[in-house]
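Asks: I would like the atomic coordinates for the input below:
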Amino acid sequence: MTLVLLFCTLAFILQVTNGEKYRVWGEEGTHVTLPCYLSPQTVKDNLRHLYKGLEVYWVRHGGSSSMKRHLVLEVKPSGLKSLAHSMMRRVTVWDTGFLKGNFSLQIKPLLKEDAGTYEARVRHGKEDWHCLVELGVVSVTAHPSRPLIESESVRLNCNSSHPGNPTNILWFHRNVPVRTSYRLHPMGQTLLITESVSSDTGHWVCQLTFAEGEIIAVRYNLQVIGFTEQAPSVIYTAAGSDAHLPCVLNSNPRTYGISGVAIQWGYMAGRELKAKPTPSYENRQDFTLHLPTVGLNDAGQYLCKITIQGVTIIQNVTLAVMAVITSTVGPRIPEGSHLVLICNLSYHTGKEHFQWKWLDLESSNSSQSDSSRPVKWGPIQEFRQVSSRDAGIWECSAHGPEGKLGSVQYHLETAASAQLASLPSVPTETIFGLLLFFLVALLSIIALVYLRRRMYSLNFQALDRIVDALPGKGEKNGSQKKTLQSEC
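Replies: Prediction:
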């Protein structure tokens, strides 16, 4: 706990020979200074006597009726110090400050029982100076006093040693006044916090105002172990890449002596996870889930359950997978053809908007995009006639109120020849039928020629004999007959 406002403004230099009382407020568990200074003129007149042969007494007055004094600290002319047993090792004075007229008493740590009236007496020869200070103690106590686990309740009590009752009481959290709500219930000097959340971590201030106008404020540092506030609830990942679902605590339970933290990841649809969490065993604070090579089937809601001291806290993380759907299937797109790219997102909040951008062929870095190509807003990128100039990497990015959410890339490759790419594909059955048809036609022609020659030879046998009788034709006719015979 740290003190916000301890006391009203005090004069730095005090001439306290008249015994005027000043009030100082300190917070329990911290340190406090009870001021006692001499005026500059007094210091100047007695400078050579202020350190040698000086006696300093700090005493505490008893009850208001007896005014009995109890020794707190004594510094003898020899420099020897005596301390009260109850305040041993908790009180001290700044010896070298005596030369500057500073005889203030420091108490550390301050206890609730230290509240009361303190008097300092400074003697040197016949000179006698004294200071009178009333010390008040304020504190905020918590029940339970240990760090909370998210969803637990706590009661804060504002305590003060002031004899009067406060006329006004205010509670603040992060400099904002606390109003009654379903979780916060201010009831005078008590504040009840139910169903605590991690954002309740921090300072809670109690401000007391009394009838004489005195204002006292003290704060309590509340610790709530829960999930980090900055962790996103939706993770956007491109299909085919790895995903990391965050599940991080705002503080390490071991810091507060808490061990035995149990972690369990689950899928809302009941499907078994294909990966396990990889917690950092050094601090047992980060339980992020790593999912390798995610696809559209991995999209959905995941639950991270952490059990600490029998209390289970749950965080819901949604995995949104981004993918590009094309109107044409194939590794290469023929030039001149029509192409539509659709940026598909498995989860929508209704606040996303999309942007298409062309990137360099040799780099997927969006910072190297061609500035001459206009950025297209919307989930659809259409190419009426694909050209070689369209080849490259097209990136679709999703944006929300908080900025860029995620992106996915599509590598567009065009066919080398538009004519070859535009030829229709011929089925194998058609090609086999054509070959068979040409083979049958060729055999038919050969058979037809053979029959025609055979019929010609049968119709003109007498003419063949006359020709054979001609001089020089015998050998030739013999060969022809031999040929005909062989053909027959």
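
Asks: Going by C-alpha atoms from here, please, whenever you check contacts or count neighbours.
Replies: Noted.

Asks: all helices of the chain, in order?
Replies: Assigned by DSSP state H, the helices in the chain fall at 40-45, 418-422, 428-459, 461-469, 474-487.

Asks: who are the neighbours in contact with H185?
Replies: Applying CA atoms under 8 Å, 6 or more residues apart in numbering to H185 gives the contacts R179, L191, L192, I193.

Asks: Quick one, grab the pLDDT at it.
Replies: Looking at H185, its pLDDT is 97.

Asks: quick one: it and L442, what's the gap?
Replies: 103 Å (CA to CA, to the nearest Å).

Asks: what do you get for T190?
Replies: With the distance defined as CA to CA, T190 ends up 110 Å from L442.

Asks: who has more neighbours, these two?
Replies: More crowded of T190 and L442, by other CA atoms under 10 Å: T190, with 19 against 10.

Asks: Tell me, how many residues neighbour the nearest residue to the more buried one once chain neighbours are set aside?
Replies: Leaving aside its sequence neighbours, T190 sits nearest to N157 (CA to CA, 6 or more residues apart in numbering; 4.5 Å). Number of residues near N157 (other CA under 10 Å) recorded here: 17.

Asks: My read is that N157 contacts V138, right?
Replies: No: taking contacts as CA atoms under 8 Å, N157 lies outside contact range of V138: 10.7 Å.

Asks: What is the burial count for G26?
Replies: 30.

Asks: Look up how far T92 lies from it.
Replies: In terms of CA to CA, G26 sits 16 Å off from T92.

Asks: quick revisit: top of the contacts of H185 by neighbour count?
Replies: L191 (22 neighbours).

Asks: how close does it sit to T180?
Replies: Using CA to CA, L191 is found at 10 Å from T180.

Asks: from memory S82 sits against M88, does it?
Replies: No: using CA under 8 Å, S82 makes no contact with M88, being 9.3 Å away.

Asks: just checking, V56 touches V122?
Replies: Yes: V56 is within contact range of V122, at 4.7 Å (criterion: CA under 8 Å).

Asks: So for these two, which sits in the more crowded spot?
Replies: Each of V56 and V122 has its neighbours counted (other CA under 10 Å); V56 has more, 22 against 19.

Asks: Identify the residues contacting the more buried one.
Replies: V56 touches L73, E74, V75, K76, F103, A120, R121, V122, R123, counting by CA under 8 Å, 6+ apart.

Asks: Most neighbours among those, which one?
Replies: The most neighbours of any of those, using other CA under 10 Å, belong to F103, which has 27 neighbours.

Asks: residues contacting it?
Replies: Neighbouring residues of F103 by CA under 8 Å, 6+ apart: P35, C36, Y37, V56, V93, W94, G97.

Asks: switch the cut-off to 7 Å
Replies: F103 is in contact with C36, Y37, V93, G97, counting by CA atoms under 7 Å, 6 or more residues apart in numbering.

Asks: could you measure it against L54, distance?
Replies: Distance of F103 to L54, given as CA to CA: 11 Å.

Asks: D200 now?
Replies: For D200, the distance to L54 - CA to CA - is 52 Å.

Asks: ok, now G300?
Replies: For G300, the distance to L54 equals 79 Å [CA to CA].

Asks: again, but for W356
Replies: Distance from W356 to L54, counting by CA to CA: 84 Å.

Asks: Which one of those two is surrounded by more residues?
Replies: More crowded of W356 and L54, by other CA under 10 Å: W356, with 24 against 17.

Asks: Next up, phi/psi of E28, please.
Replies: Main-chain dihedrals, E28, degrees, to the nearest 10: phi -60, psi 130.

Asks: so what's it scoring on pLDDT?
Replies: pLDDT for E28: 93.
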